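# Here is a sequence with its predicted model. Questions after.
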Amino acid sequence: MKYLELFNPNQAYAYPTIYQLELLLNCSRQNIVTANKRLEQAGLLIIKKHKNNDNIYFPLQPHCKEELYKQVPDLFLKFEKRKESIESKVVMDKVRLEDLFES
């Protein structure tokens with residue numbers, strides 16, 4: 001979404017630096033690089049090299065979830081497993097909190 005927000009219609013691309021993205025998204029360079037790779041794999045972002053080894057970004061409109069899952073099924077499965085793991089930890093934390101107050 002940030003690339004769509006930063007899209008310049010006069011130039012027909014977005015041109016944030018990695019440093020700007022780090023500040024805007026409040027995350028590390030590695031997280032941005034990883035997210036960019038995933039967005040490219042999903043067909044949501046095209047990245048081209050520009051001067052000084054910077055990138056220019058061509059954000060594409062998002063697909064519906066079903067189309068996206070078909071394009072990157074391995075990432076979808078990974079996401080589902082991670083989501084299940086987090087959800088089980090949430091349940092365990094609630095139980096621990098209830099036990100704490102019952103004691």
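On my side now, so go ahead.

# The spatially closest residue to Pro59 that is not a sequence neighbour: which element?
In space, and not counting its chain neighbours, Pro59 is closest to Tyr3: 3.8 Å by Cβ to Cβ, 6 or more residues apart in numbering. For the C-beta atoms, the positions are set from N, CA and C on the backbone; glycine is no exception. Following DSSP states H and E, one finds Tyr3 within helix 2-6.

# Show me the shaky parts of the protein.
53, 62-65, 68 (pLDDT under 70).

# please redo it, this time with the cut-off set to 90
Scanning the chain for pLDDT under 90 picks out 1-21, 23-26, 35-36, 38-80, 82, 99-103.

# ok, Glu87 - how many residues close by?
10 (other Cβ atoms under 10 Å).

# give me phi/psi at it?
phi -60, psi -40 (degrees, to the nearest 10).

# Look up how far Arg29 lies from it.
29 Å (Cβ to Cβ, to the nearest Å).

# Just the element for the residue nearest to Leu75 when sequence neighbours are not counted, please.
Distances taken as Cβ to Cβ, 6+ apart place Arg38 nearest to Leu75, at 6.4 Å, with adjacent residues excluded. Assigned by DSSP H and E, Arg38 belongs to helix 29-41.

# Can you list the buried residues in that helix?
Neighbour-count burial for helix 29-41 flags Ile32, Asn36, Leu39 (criterion: 16 or more other Cβ atoms under 10 Å).
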